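# I would like to see how this sequence folds:
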Amino acid sequence: DTCTELQQLSAELEVSKAGSQKSLDSDGVLVLRRENVALKLSLEHAVNALTVGLKKQYEILTDWQNERLTAGNEATASQQKFVSLEQRIQTMSAHLSQVHADVDGVSRDFGSVKTTLQNQAEGLRCNDVLLATVSAQVA
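Next comes the predicted model:
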């Protein structure tokens, strides 16, 4: 009788253990599910924060790239203006050289004209003296 009762109690204990194990397993699954949901939410928040950060970095890099492109365009425009100015300077230098040559030619011509005029003036003075002498002799 005692042996049967012990066996029966042992069987009940095993059934009780199995039931509590099932209860523990279902509690464990609930806990795991809750942790899984919490981890999913945490992961979603992290992904959202990362996405916002990446978008911000993308905007910063795009702005920087646009600034570099604008600076490059401005540098190209400045380079073109510089080349244009150099060409204008060369053209003006050539023109200035021609003006100097023309001035030198005019100066030589002026010197020649001056010499001719001086010679003619001297000739006129001589003619005046001669005319005065002839006039004095006629009178």
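
# which stretches of the chain have low pLDDT?
1-3, 5-6, 13, 15-32, 139 (pLDDT under 70).

# show me where it has helices.
For the chain, the helices defined by DSSP state H cover 2-138.

# show me the residue at the heart of it, geometrically.
Ala71 (2.0 Å; Cα atoms, centre = their mean).

# which ones are touching it?
Under the criterion of Cβ atoms under 8 Å, 6 or more residues apart in numbering, the contact list for Ala71 is empty. Every C-beta, even on glycine, is put in place using the N, C-alpha and C of the backbone.

# look up how far Ser78 lies from it.
Distance of Ala71 to Ser78, computed by Cβ to Cβ, to the nearest Å: 10 Å.

# again, but for Leu117
In terms of Cβ to Cβ, Leu117 sits 56 Å off from Ser78.

# over to Val47?
Distance of Val47 to Ser78, given as Cβ to Cβ: 46 Å.
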